[in-house]
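**Student:** Structure for this input, please:
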Amino acid sequence: MGQQVSNALVALRELGAPDEIRALTVDRYGPATPPRVNAHIHLPPNFSAFENVQQAVSLAKTQNIGVLGVSNYYDFEVYGDFVERARASGIFPLFGLEIICMQNDLRSRGVKVNDPGNPGKTYICGKGITCFDEMTAEAARLIDVIRQNDSRRMVSMIDSMREIFAAHGLETDIDAKAVIEMIVRRHGSPRETVYLQERHISQAFQESLFEKVAPEGRIECLNAILGTETKAKDTGDYVAMQNDIRSCLMKAGKPAFVEEAFVSFSEAHRLILELGGIPCYPTLADGVTPICDYEDNIDELIGKIKANKVYAAELIPIRNQVAVTREYVTRMRNAGLAVTAGTEHNTLDLIQMEPFCKDGDVPKAIREIFWEGACVVAAHQFLTLNGEAGFVDGDGCPNADYASDDQRIKAFAKIGAAVMHKYYGSNE
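**Tutor:** Got it, this is the predicted structure:
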């Protein structure tokens, strides 16, 4: 990854001197029409709707996405390919990551944060990371702890799944190595970059079911294994079957569940800062009914986010109704949080690239807030690559050069818009 990413980061850094870019913001220098934005997708070898990076970037270009952000789990080797293909397609790249951690105080009180099935379990994102090529010693240590914890859990879970399938007459030889090989075959990813997720495991066992059971017998066989009826609409509905395998067998309280070993919230927060990023709270909202207790009061949620030194939030609107999206995003932005949006594309459903809501398009005013948030991330990337203070500092505190959260967001958005405009011009 090193040279490829280094060259790309140098190209972003050298779009202009920071003072030159700031001077351009006086005249509101930026794209005449804000491009479409998707600040959060997953690329292989993460579980992904995309076969490869080229497919993701090509679809983004075809669908007029001008800003595309990647938020992979725990390995960033693919970012080299991503940034080169994004540059060639005139798409501005945003770099991020996603981390799963545990807030033990909330767990002990049974408080669900942004995972509906596990009290205390918390997803947190990092936006605008720039130190993923040459990590600090602390970042490398934390990444290694996460990888080892996850790898041990995935091995145990695969063993349990194999026993469950065998108990229902479906013998398989699936182990961790076999699942990794499946990913390598599908995506061409280097083996050393593959870290397994629950969705990979459910895919492997669904594919084994399809291989060993004729179409007319699949539903009956799967129902017996699940102990309930699959939501699959027909014998070829592999996406629904994968989701059912995961939810009915692998989640907390289910027969193949293996207790997770998490880093703490403070360690996840530290990792994002060590990678040069902005901590960002991914909001589930009405992605589950009822809304998780941590999130059901928006004003209290915002207070808790800020108390944790988090000054950005994100939604995946496909989970949310338009009215709920509007309410959460507006209240968060008015309270001084930068807000972004994405699609994740972390199932095999190849949905459209521009974020949309469950029941309709994202309203124009909300799209403008998402564009502003993407500009904030772009500015943070650019300034930190040039050795200047970003949206937050190395301790996660807001940049002290601005009198208010609103002023800081607006100033960084102007810088980010100018950076993007320079970038688009340099790629013409």
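
**Student:** switch to C-alpha atoms for all contacts and neighbour counts from now on
**Tutor:** Will do.

**Student:** how about the helix or strand where R367 lies: buried residues?
**Tutor:** Secondary structure assignment for R367, by DSSP states H and E: helix 364-385. Buried residues in helix 364-385, counted by 16 or more other CA atoms under 10 Å: 366-385.

**Student:** Please apply the same query to stretch 185-201.
**Tutor:** Buried residues in stretch 185-201 (16+ other CA under 10 Å): H187, S189, T193, V194, Y195, L196, Q197, E198, R199, H200, I201.

**Student:** Looking at those, which one is closest to R13?
**Tutor:** Using CA to CA, T193 is the member of these that lies nearest R13, at 26.5 Å.

**Student:** nearest residue to the closest one other than its sequence neighbours?
**Tutor:** D75 (6.2 Å; CA to CA, 6 or more residues apart in numbering).

**Student:** Just give me the neighbour total for the one you found.
**Tutor:** Using other CA atoms under 10 Å, D75 has 17 neighbouring residues.

**Student:** Report the contact partners of it.
**Tutor:** Counting by CA atoms under 8 Å, 6 or more residues apart in numbering, D75 makes contact with T193, V194, Y195.

**Student:** now do H345
**Tutor:** I41, H42, S48, A49, F50, I351.

**Student:** can you give me phi and psi for it?
**Tutor:** Backbone torsions for H345, taken as degrees, to the nearest 10, come to phi 50, psi 40.

**Student:** Tell me how far it lies from V155.
**Tutor:** Computed as CA to CA, to the nearest Å, the H345 to V155 distance reads 25 Å.

**Student:** quick one, strands of the stretch 201-350 of the chain?
**Tutor:** In the stretch 201-350 of the chain, the segments counted as strands under DSSP state E, counting those that start in this stretch are 263-264, 278-283, 312-315, 338-341.

**Student:** how much space between P317 and A418?
**Tutor:** Taking CA to CA, one finds P317 at 27 Å from A418.

**Student:** Kindly apply the preceding question to D75 instead.
**Tutor:** 30 Å.

**Student:** Likewise for G188?
**Tutor:** 36 Å.

**Student:** Am I right that K127 is in contact with I99?
**Tutor:** No - counting by CA atoms under 8 Å, K127 does not reach I99; the two are 11.6 Å apart.

**Student:** higher neighbour count, those two?
**Tutor:** Between K127 and I99, counting by other CA under 10 Å, K127 is the more crowded of the two (32 against 22).

**Student:** which residues does that one contact?
**Tutor:** S71, L94, F95, G96, L97, G277, I278, P279, C280, V377.

**Student:** So in terms of bridging, what pairs with it?
**Tutor:** G96, I278 (DSSP bridges).

**Student:** for the contacts of H345, which one is nearest G90?
**Tutor:** The closest of the contacts of H345, once distances to G90 are taken by CA to CA, is I41, at 17.6 Å.

**Student:** Please report how far the nearest residue to that closest one once chain neighbours are set aside lies from L315.
**Tutor:** Using CA to CA, 6+ apart and skipping residues adjacent in sequence, the residue nearest I41 is E344, 4.0 Å away. Relative to L315, E344 is positioned 10 Å away (CA to CA).

**Student:** Show residues contacting stretch 135-153.
**Tutor:** 74, 195-196, 258-263, 267, 271, 274-275.

**Student:** which of the contacts of H345 count as buried?
**Tutor:** Of the contacts of H345, these count as buried by 16+ other CA under 10 Å: I41, H42, S48, A49, F50.

**Student:** Specify which member of the residues you listed is nearest to A178.
**Tutor:** Nearest member of these to A178, counting by CA to CA, is S48, at 18.2 Å.

**Student:** mind giving me the domain split of the chain?
**Tutor:** 2-25+33-134+275-426, 144-250 (automatic domain parsing).

**Student:** now do the same end-to-end measure for the last one.
**Tutor:** Chord length of domain 144-250, first to last residue, is 24 Å (CA to CA).

**Student:** Helices along the stretch 51-200 of the chain, start to end?
**Tutor:** Using DSSP state H, counting those that start in this stretch, the helices of the stretch 51-200 of the chain run over residues 53-62, 78-88, 104-108, 137-167, 176-187, 198-212.

**Student:** For the third one, list the C-alpha coordinates in CSV.
**Tutor:** Same thing as helix 104-108. Output of helix 104-108 as CSV, limited to C-alpha atoms (Å, rounded to 0.1, in the frame of the first residue of the first chain):
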residue,chain,number,x,y,z
ASN,A,104,-19.3,-1.2,30.1
ASP,A,105,-21.2,1.2,32.3
LEU,A,106,-24.0,1.2,29.8
ARG,A,107,-23.8,-2.5,29.4
SER,A,108,-24.2,-3.1,33.1
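
**Student:** Flag every buried residue along it.
**Tutor:** N104, L106.

**Student:** ok, and what's touching that helix?
**Tutor:** K112, N118, P119, G120, K121, S264.

**Student:** Please render the residues you listed as CSV that adds pLDDT to the earlier fields.
**Tutor:** Formatted as CSV, the contacts of helix 104-108 follow (pLDDT from 0 to 100):
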residue, pLDDT
K112, 97
N118, 88
P119, 94
G120, 96
K121, 95
S264, 97
